[in-house]
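Peer 1: Coordinates for the following, if possible.
(2 chains)
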There are 2 protein chains.
Amino acid sequence: MARQQHEHIVKSFDEQLKSVNQQIARMGGLAESQLASAVEALVKRDSDLAGRVVNADTGLDNLEHDVEEAVVRILALRQPVATDLRDIIAAFKIASDTERIGDYAVNVAKRALALNQMPPVQPVYTVPRMARLVQSIVKDTFDAYVERDAEKAIDVWHRDEEVDEMYTSLFRELLTYMMEDPRSITPGTHLLFIAKNIERIGDHATNIAETVHYLVTGEYIEGGRPKGDTSSYAVMEPPRPDEDGNGGDDE
Amino acid sequence: MARQQHEHIVKSFDEQLKSVNQQIARMGGLAESQLASAVEALVKRDSDLAGRVVNADTGLDNLEHDVEEAVVRILALRQPVATDLRDIIAAFKIASDTERIGDYAVNVAKRALALNQMPPVQPVYTVPRMARLVQSIVKDTFDAYVERDAEKAIDVWHRDEEVDEMYTSLFRELLTYMMEDPRSITPGTHLLFIAKNIERIGDHATNIAETVHYLVTGEYIEGGRPKGDTSSYAVMEPPRPDEDGNGGDDE
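Peer 2: Modelled structure (predicted):
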C-alpha cells in the first residue's frame, strides 16, 4: 500500500490518467461478471452463486471510491485542462454509473435467492434473453470506452431502445401470468423487479455511452434519448373467466 | 443570454462558486416540488397535474447540464484546490443525484396517469405516508447543503432506514392485496413501482447527505449505510380461502 502511495507521487500525469482509465476498465469487467453471475444464479437456481454476487459488491464500491479519490487528487495536484480534464470528468461519471450497474446486479441476485425458495415459474426463462442483450450492451459500452470509439458509443446508445421494448413486453407477460394464478404473484413481482433492474442497467450503460461520446468528441450525442419503455403507462385487465359474466359478481 | 455569458467571464471565482451553489439549491427546490406534485396527482387522481410533472422534467435535466458545464469551466479556468475543489466536486455529484430524484418523480407521475384509468385501489392511501417522509428527507438534505450542516446530513442519512422499513411493509401489503383480488394486480404493480421509486428517491437523498458531509468535513460518514429494505428477500404465499382446502383445486 505504502509503495503504491509512493508510486502515485512520482507518477507522471499520463501514468496517473492511465491508471484511472485502467481502474474504470476493471470496474467494467467486474460489473459485467456480476451481471452474468446474477442471471446465471437466477436461471440455474444457484443460491451459492447468488450469495457470492451479493458479497462481491464491496469490490465495485471500493473501486468507485478509489477512482473518486484519484480524480480529486489529480484535479488538485495536476489541474488538467482540455482533453485531460474531459478524461478525468468522464472517469468520475462512468465510475458512478458502473457502481450502480453493480448494485442492480446485486438486487437481481437477492431476488434470485428469494425465488429459489419458491416453486419455479415459467417467465423466469424470458428474463435471460433480455439479460443477454443488456450484457452485450454493457460489454460494448466498455469496449467503446477502452477503444475511445464514439461510433460504437452511438451504436450502443441506440440499442437501449430494444431493451426497453423487451422490458415492456416482459412486463405484460408477467402481469398476465400473475392474473392467471395468484400463487405466481410473489415470484412474478420479484421477476418484475428483476426485469426492471436489468432495464435500469441498460439505462446506465446508455449514460456511459453518452459520456464516452462526450469524452471522445467533446460533443453530446444529438437528439433525445430513444424511449421504448411504455410499461409505466400500462393498463391491463385480468382475463374474464366467463365472457357472459356481468363482471360485478365477485365484488 | 449574451449578458449572462459576459457576466460569467468577469465573475470572480467566489461568484462563480456561489452561482453553482445557487443552481444546486434551485435544482433541490424543483425536485422537491416535482415529488410533491407527483404524489398529489396520484392521491387526487389529477391527470393534468401528473402531465405537468412529466413535462417539467426537462427543467431539471437542463439545470443538471448547466451545473456540469459550469463545473468543467471552473475546473479548466480556475483550477481550484482544497475546499473549493471539494465544493465543485460536490456540486457535480449532487446535481446528478437531484436529476435522478426528478426522474423518479416523473415515473410516479406517469404511473399515476395509468392508475387514473383504472378504478381506485385502497393501498394508494398508504403511499402518501411514505412519500411525506421522503419529502421531508429531501427537504432537510437540501437544507443541510445550503446551511453546510454536517450534523443535519448525518441525521438525514439515518432516517433513510425508516423509509426502507415503510417500503418493505408497503410491499407486503400490496402483495397481499394483489393475491386477494386479481383485478388489483395491474394497479398493485404500478403502486409497487411507485413505492420503489419513492424509496429510490430516499436513497438518492442519502447519497446527497453523504456528499454534503464530505463537502463540510472532508470525511466520509462512518459505518455502513443503514439498510431496512428487506423486500428483495420477501417470500409470500397467497392466502388460502379455505383452511381445509387442499390447495390444488385451482390448477
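Peer 1: C-alpha only now, for contacts and for neighbours.
Peer 2: Noted.
Peer 1: Quickly note the distance from the spatially closest residue to A:Ala114 that is not a sequence neighbour to B:Tyr177.
Peer 2: In this structure, A:Ala114 finds its nearest non-sequential neighbour in B:Tyr233, 4.9 Å apart by CA to CA, 6 or more residues apart in numbering or on different chains. The gap separating B:Tyr233 from B:Tyr177 is 19 Å, by CA to CA, to the nearest Å.
Peer 1: Quick check: the residue nearest to A:Ala114 touching A:Val108?
Peer 2: No: the pair B:Tyr233 / A:Val108 is not scored as a contact, 10.6 Å apart, by CA atoms under 8 Å.
Peer 1: burial of the residue nearest to A:Ala114, as a residue count?
Peer 2: 18 (other CA atoms under 10 Å in any protein chain shown).
Peer 1: and what of the one 3 residues further on?
Peer 2: The burial count assigned to B:Met236 is 16, neighbours taken as other CA under 10 Å.
Peer 1: for it, helix, strand, or coil?
Peer 2: When classified by DSSP: H, G, I helix; E, B strand; the rest coil, B:Met236 comes out as coil.
Peer 1: In contact with it, which residues?
Peer 2: A:186, B:172, B:175 (CA atoms under 8 Å, 6 or more residues apart in numbering or on different chains).
Peer 1: Export those as CSV, with columns for secondary structure and neighbour count.
Peer 2: Below are those laid out as CSV (DSSP: H, G, I helix; E, B strand; the rest coil; neighbours: other CA atoms under 10 Å in any protein chain shown):
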residue, secondary structure, neighbour count
A:Thr186, helix, 24
B:Arg172, helix, 17
B:Leu175, helix, 23
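Peer 1: Quick check: closest non-adjacent residue to A:Leu113.
Peer 2: Spatial nearest neighbour of A:Leu113, chain neighbours left out: A:Ser47 (5.6 Å); criterion: CA to CA, 6+ apart.
Peer 1: isn't the one you found right up against A:Leu115?
Peer 2: No: with contacts counted by CA under 8 Å, A:Ser47 stays clear of A:Leu115, the gap being 9.5 Å.
Peer 1: okay, the two: which has more neighbours?
Peer 2: For A:Ser47 and A:Leu115, the more surrounded residue by other CA under 10 Å is A:Leu115, and the numbers stand at 25 against 20.
Peer 1: Got phi/psi on the more buried one?
Peer 2: phi -60, psi -30 (degrees, to the nearest 10).
Peer 1: Kindly report the residues of chain A close to chain B.
Peer 2: Residues of chain A lying close to chain B by CA under 8 Å from any CA of the partner chain are A:72, A:75-77, A:79-82, A:85-86, A:89, A:107, A:110-111, A:113-115, A:117-118, A:175, A:178-179, A:182-183, A:185-186, A:189-190, A:232-238.
Peer 1: Any quick PyMOL command for the buried ones out of those?
Peer 2: Under the burial definition 16 or more other CA atoms under 10 Å in any protein chain shown, those of the residues of chain A next to chain B that qualify are selected in PyMOL by:
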select buried, chain A and resi 72+75+76+79+80+81+85+86+89+107+110+111+113+114+115+175+178+179+182+183+185+186+189+190+232+233+234+235+236+237+238
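Peer 1: Now do the closest residue to A:Arg148 other than its chain neighbours against B:Phe171, distance only.
Peer 2: Once flanking residues are discounted, A:Arg148 sits nearest to A:Val216: 6.0 Å by CA to CA, 6+ apart. Shown here: A:Val216 relative to B:Phe171, a distance of 44 Å by CA to CA.
Peer 1: Who has more neighbours out of those two?
Peer 2: More crowded of A:Val216 and B:Phe171, by other CA under 10 Å: B:Phe171, with 25 against 20.
Peer 1: what's that one in contact with, if anything?
Peer 2: B:192, B:195, B:231.
Peer 1: tell me the secondary structure for the first one?
Peer 2: Going back to what we said before, that points to B:Leu192. Recorded secondary structure, B:Leu192: helix (three-state DSSP).
Peer 1: and if you look at A:Tyr220?
Peer 2: Secondary structure, three-state DSSP: A:Tyr220 is coil.
Peer 1: what sits against the most centrally placed residue in chain A?
Peer 2: Closest residue to the average C-alpha location of chain A: A:Ile201 at 1.9 Å, with CA atoms, centre = their mean. When contacts are counted by CA under 8 Å, 6+ apart, A:Ile201 touches A:100-101, A:104, A:134.
Peer 1: Of these, which belong to helices?
Peer 2: If you go by DSSP state H, these have A:100-101, A:104, A:134 in helices.
Peer 1: Counting neighbours, which of the residues you listed comes out on top?
Peer 2: A:Ile101 (29 neighbours).
Peer 1: which element is the nearest residue to that residue once chain neighbours are set aside on?
Peer 2: Nearest non-adjacent residue to A:Ile101, counting by CA to CA, 6+ apart: A:Ile201, 5.2 Å away. Taking DSSP states H and E as the definition, A:Ile201 sits inside helix A:185-217.
Peer 1: Could you do A:Met179 as well?
Peer 2: According to DSSP H and E, A:Met179 maps onto helix A:150-180.
Peer 1: what angle sits between that helix and helix B:185-217?
Peer 2: Angle, helix A:150-180 to helix B:185-217, by axes from the mean of the first three to the mean of the last three CA atoms, to 10 degrees: 130 degrees.
Peer 1: Let me know the average pLDDT across helix A:150-180.
Peer 2: Mean pLDDT, computed over helix A:150-180, is 92.
Peer 1: and what of stretch A:104-114?
Peer 2: 96.
Peer 1: now that stretch, how far from the centre of its chain.
Peer 2: Offset of stretch A:104-114 from its chain centre (CA atoms, centre = their mean, to the nearest Å): 13 Å.
Peer 1: Mind listing residues that contact that stretch?
Peer 2: Against stretch A:104-114 from outside (CA under 8 Å, 6+ apart): A:31, A:34-35, A:38-39, A:41-42, A:45, A:47, A:50-51, A:53-54, A:57, A:190-191, A:193-194, A:197-198, A:200-201, B:232-235.
Peer 1: ok, so of the contacts of B:Met236, who is nearest B:Glu165?
Peer 2: Closest to B:Glu165 out of the contacts of B:Met236 is B:Arg172 (11.0 Å), distances taken as CA to CA.
Peer 1: nearest residue to A:Phe13 other than its sequence neighbours?
Peer 2: Spatial nearest neighbour of A:Phe13, chain neighbours left out: A:Arg78 (7.1 Å); criterion: CA to CA, 6+ apart.
Peer 1: just checking, the one you found touches A:Ser12?
Peer 2: No: using CA under 8 Å, A:Arg78 is not in contact with A:Ser12, being 9.7 Å away.
Peer 1: A:Asp203 touches A:Glu161, doesn't it?
Peer 2: No: judged on CA under 8 Å, A:Asp203 makes no contact with A:Glu161 at a distance of 9.6 Å.
Peer 1: and the residue lying closest to A:Ile194 once chain neighbours are set aside, how many neighbours does it have?
Peer 2: The shortest distance from A:Ile194 to any non-neighbouring residue, by CA to CA, 6+ apart, is to A:Val108 (5.2 Å). As a burial measure, A:Val108 scores 31 neighbours (other CA under 10 Å).
Peer 1: now swap in A:Arg45 and tell me
Peer 2: Around A:Arg45 there are 18 other residues, counting by other CA under 10 Å.
Peer 1: so who does it touch?
Peer 2: So A:Arg45 contacts A:112-113, A:115-116 (CA under 8 Å, 6+ apart).
Peer 1: Kindly reformat those as a markdown table containing secondary structure and distance to A:Thr211.
Peer 2: Output for the contacts of A:Arg45, formatted as a markdown table (DSSP: H, G, I helix; E, B strand; the rest coil; distance: CA to CA, whole Å):
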| residue | secondary structure | distance to A:Thr211 |
| --- | --- | --- |
| A:Ala112 | helix | 31 |
| A:Leu113 | helix | 34 |
| A:Leu115 | helix | 36 |
| A:Asn116 | coil | 37 |
